[in-house]
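Enquirer: take a look and give me a structure for this.
(chains A and B)
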Protein chains: 2
Amino acid sequence: MRQGSVVVMGLDPGSRATGYGIVRESSGQAELVATGVIRTPAGKDMGTRLGVIYARLAELITAHGPAEAAIENVFVSKNPSSALKLGQARGAAMAACATHGLSVAEYEPSKVKKNLVGVGGAPKDQVAFMVARSLGIKKPDWPEDASDALAVAICHLNERRMRRLIDG
Amino acid sequence: MRQGSVVVMGLDPGSRATGYGIVRESSGQAELVATGVIRTPAGKDMGTRLGVIYARLAELITAHGPAEAAIENVFVSKNPSSALKLGQARGAAMAACATHGLSVAEYEPSKVKKNLVGVGGAPKDQVAFMVARSLGIKKPDWPEDASDALAVAICHLNERRMRRLIDG
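Expert: Residues are numbered from 1 along each chain as shown, chains lettered A, B, ... in the order given. Next up is the predicted model:
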């Protein structure tokens, strides 16, 4: 039986660089739609930078029509000032999703690793390897922030499929 | 000589309650346009709440047409997890301003107090008193978050006027 297809967007926000990964799943197979990194203008004030994150994500959502979004729940072991900046980037990104009707699922980093690699403490390069493999791409050419965003998108697709199986 | 008038919006964002204060200045006199608190739905996920902050501010900007926005630079002496949440609310609010063409000026809390009361360490009720007085309102009936947002709006108007005098 051919299942319907769904498009989801994974996000790895930061005030300087926000990774995004848009993935389509049809018949249980994940396929890359678009991925990249939104870089905010370095010399500009925070408002302008957050506006760029919001506007670029709004464009991507309109262009590719993801139905749901997913984001990694960050460790906030850093100092409060870094946490505030990171929060601002996340807020702009999540607002862009919400105002376009996308729910935003949050996953612990260990959950994403366990989902993709099978181990919660898996190293970054193993996660990146599994991201490329899940998408059937032999030589991935995307930067790390993009790979992290794709990881949470794929994790969300897997979790989503699992939930649907359980719910019948 | 009659000067032109300008409308600015002050913001005091939080994930549960975001205060806003829209103030018009004409001929050097500040006047209240709109103030209030955006409360986000308690049981909902963060994405939904951030979407509410963004959407409500977008409505207010469209309705009242502020030309510029201002926000208090928060103390981040709290724990990183609170800073992240606060950052997310600020990010949604600042993105709403930026995507509607408003610059967002940031002021230190001590700067706002000094601007309104004359003392950087002024107590909250004195700031609230000066907010009402600056707007020519005898019995203010707005909540604290709204008053804080009005304070930064008035501070921005004063700083703006000062800068224009200096710049000639």
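Enquirer: what sits against A:Glu68?
Expert: A:Glu68 sits next to A:Val6, A:Val8, A:Met9, A:Leu102, A:Ser103, A:Val104, A:Ala105, A:His156, A:Arg160 when contact means C-beta atoms under 8 Å, 6 or more residues apart in numbering or on different chains. C-beta: built from backbone N, CA, C; applies to glycine.
Enquirer: neighbours of the third one, how many?
Expert: Other residues lying near A:Met9 total 33 when counted by other C-beta atoms under 10 Å in any protein chain shown.
Enquirer: pretty sure it sits against A:Ala63.
Expert: No: applying C-beta atoms under 8 Å as the test, A:Met9 and A:Ala63 come out as separate, 11.1 Å apart.
Enquirer: what's the longest helix in chain A?
Expert: If you go by DSSP state H, chain A has its longest helix at helix A:144-167.
Enquirer: packing partners for it?
Expert: strand A:6-12, strand A:17-26, strand A:29-39, strand A:68-72, strand A:103-107, helix A:109-117, helix A:124-134 (3 or more C-beta pairs under 8 Å, 6 or more residues apart in numbering or on different chains; DSSP states H and E).
Enquirer: which residue does chain A have closest to chain B?
Expert: Closest to chain B within chain A is A:Gly87: 2.0 Å, counting by C-beta to the nearest C-beta.
Enquirer: how far away is that residue from A:Ser103?
Expert: Look at A:Gly87 and A:Ser103: by C-beta to C-beta, to the nearest Å, they are 19 Å apart.
Enquirer: who has more neighbours out of those two?
Expert: It is A:Gly87, of A:Gly87 and A:Ser103, that has more neighbours when counted by other C-beta under 10 Å, with 30 against 14.
Enquirer: how close does the more buried one sit to B:Gly36?
Expert: A:Gly87 sits 24 Å away from B:Gly36, going by C-beta to C-beta.
Enquirer: with A:Val152 instead?
Expert: In this view, A:Val152 and B:Gly36 are 36 Å apart by C-beta to C-beta.
Enquirer: which one's more surrounded, these two?
Expert: Neighbours were counted for A:Val152 and for B:Gly36 using other C-beta under 10 Å; A:Val152 has more, 31 against 17.
Enquirer: and the closest residue to that one other than its chain neighbours, what are its bridge partners?
Expert: Excluding its sequence neighbours, the residue lying closest to A:Val152 (C-beta to C-beta, 6 or more residues apart in numbering or on different chains) is A:Gly10, at 3.9 Å. Beta bridges link A:Gly10 to A:Gly21, A:Ala70, judged by DSSP bridges.
Enquirer: show me where pLDDT drops low in chain A?
Expert: By pLDDT under 70, the weakly predicted segments of chain A are A:1-3, A:77-78.
Enquirer: from A:Thr35, how far off is the nearest residue to A:Val76 once chain neighbours are set aside?
Expert: Excluding the flanking residues, the one nearest A:Val76 by C-beta to C-beta, 6+ apart is B:Pro80, at 3.8 Å. In this view, B:Pro80 and A:Thr35 are 29 Å apart by C-beta to C-beta.
Enquirer: cool, and A:Gly118?
Expert: Taking C-beta to C-beta, one finds A:Gly118 at 23 Å from A:Thr35.
Enquirer: who's more crowded, those two?
Expert: Applying other C-beta under 10 Å to A:Gly118 and A:Thr35 shows that A:Thr35 carries more neighbours, namely 24 against 10.
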